[in-house]
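Chemist: Can you look at this prediction? I've put the sequence above it.
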Amino acid sequence: MLKRYDKTFWMLCLSAVFFFGGFNMVIPELPDYVSSLGGPEFKGLVIALFTLTAMLSRPFSGKLTDTIGRKPVMIFGAAVSLVAGLIYPVIGTVAALLLLRTFHGLSTGFNPTGTAAYVADIIPNNRRGEAMGILGLFNSVGMAVGPSVGGYISAAYGTESLFYTSAGVAFISVILLWRMRETMDNTQKFKPAMLKVKWTDFYEPRVLAPSITMLLTTFAFGTVLTIMPDFTVYLGFENKGIFFTVFVVSSLAIRLAAGKVSDRFGRVPVLKVSALAVALAMLSIGLAQTGTHLIIAGVLFGIAVGSNSPTVFAWTIDLSRKAARGRGMSTMYIALEIGIGSGALVSAALYNNNPENFQRAFWFAGVLAFLAFLYLVIFQRRFPVEDPEI
């Protein structure tokens, strides 16, 4: 199987490890960091502003991906993480931190959009699920290693060292991307006029179904990102990144299998199971009273996310027109950011720094994931089929 993918694909995967590892290693420490600056009530904004910028930048990254090429868009996103990592240590106020988080959101607004279009260019459609599963596996390695390594560095050497390390990791991602070839034909030179976007740049109607599914299921991820660090401390964990590592590692084995199954049996059947699994995982997390129970729930959450993510990505690529892959991926990513951002804001409001409210925040996210399951069951016959241009 591995021989079916060339060196370019593996370099892209390796770059993804460093990209996702770099910005994820700071996430578990940010709630305490914003509190140390005097703003514990702004914990929800730390994630929400990041995702808001990512969402708003998607139409621009999608348009640029389809004009100047995939490679520049990917490099720009990784470079933003590099710059942000160098600025975090000199932040001295809550307002400055929130402004930097707003800027940092450009990283995921650009890099993954270009990456998904790049994969679509080099992988045939009958292996997209498998390829997105492999890429997702590498993403997950970065997401798994990042928080735990970040927690260790912060505890042993301080938060400042953590931020500089994240910048160094992002720099490696930039170098790897720089060495890759461009896959888009007839690229154009960047012009400021390209930053003018129309409504059609925000929305690709063919990918509405995977976008709705992504929004409803990633609300849970925004919830976990925002209040899980406090929940792990509440249950007695010293390393706030341990849950992130557990759920991401548990997703590694399932990603490749889920991608291959969706290639063979279809995207929607796999997504029905994964959406239901997200709902059950959030129910289980809300019921957790011990560290062991939380770890078990984290494994279920990882399996659910590992099945859901590559399948939604592959489904989006299936439905996107060849000439508008950037816009199609942009639309899906906008839904992803809305899901994560709203999950962060709503969960922070429901939790309100009161441990008695943990359960209601997690369960609300579970209800939305169950709605995704119902949507896939009820509206399946109305979903569009793969575009014949691809």
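Modeler: Everything's here; your move. Residues are numbered from 1 along each chain as shown.
Chemist: drop to CA atoms for contacts and neighbour counts, all remaining ones
Modeler: Fine.
Chemist: doesn't Ile75 make contact with Thr115?
Modeler: No - applying C-alpha atoms under 8 Å, one finds Thr115 not in contact with Ile75, separated by 9.9 Å.
Chemist: Let me know the secondary structure of Lys187.
Modeler: Not Lys; residue 187 is Thr. coil (DSSP: H, G, I helix; E, B strand; the rest coil).
Chemist: Tell me the backbone dihedrals of it, please.
Modeler: Main-chain dihedrals, Thr187, degrees, to the nearest 10: phi -70, psi 150.
Chemist: Run through the residues that contact it.
Modeler: Listed by C-alpha atoms under 8 Å, 6 or more residues apart in numbering, the contact partners of Thr187 are 67-69.
Chemist: Most neighbours out of those residues, which is it?
Modeler: Within the contacts of Thr187, most neighbours by other C-alpha atoms under 10 Å means Gly69, with 25 neighbours.
Chemist: Could you verify my assumption that it touches Arg181?
Modeler: No - contact status for Gly69 versus Arg181: not in contact, 10.4 Å apart, counting by C-alpha under 8 Å.
Chemist: Please tell me how far Cys13 sits from Lys191.
Modeler: Counting by C-alpha to C-alpha, to the nearest Å, the gap from Cys13 to Lys191 is 30 Å.
Chemist: could I get the contacts of Thr187 as CSV with secondary structure?
Modeler: Formatted as CSV, those follow (three-state DSSP):
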residue, secondary structure
Thr67, coil
Ile68, coil
Gly69, coil
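Chemist: Adding pLDDT, write the residues you listed out as a markdown table.
Modeler: Shown next, in a markdown table, are those (pLDDT from 0 to 100):
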| residue | pLDDT |
| --- | --- |
| Thr67 | 89 |
| Ile68 | 93 |
| Gly69 | 90 |
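Chemist: okay, Cys13 and Lys191: which has more neighbours?
Modeler: Cys13 (20 against 9).
Chemist: In contact with the more buried one, which residues are there?
Modeler: Shown in contact with Cys13 (C-alpha under 8 Å, 6+ apart): 134-135, 138-139.
Chemist: Could you do Val273 as well?
Modeler: Shown in contact with Val273 (C-alpha under 8 Å, 6+ apart): Phe373.
Chemist: Okay, and it sits in which element?
Modeler: helix 267-287 (DSSP states H and E).
Chemist: Could you check how far the helix or strand just after that helix is from the centre of its chain?
Modeler: Past helix 267-287, further along toward the C-terminus, the next helix or strand under DSSP H and E is helix 291-319. Helix 291-319 sits 11 Å away from the centroid of its parent chain (C-alpha atoms, centre = their mean, to the nearest Å).
Chemist: Thanks a lot, catch you later.
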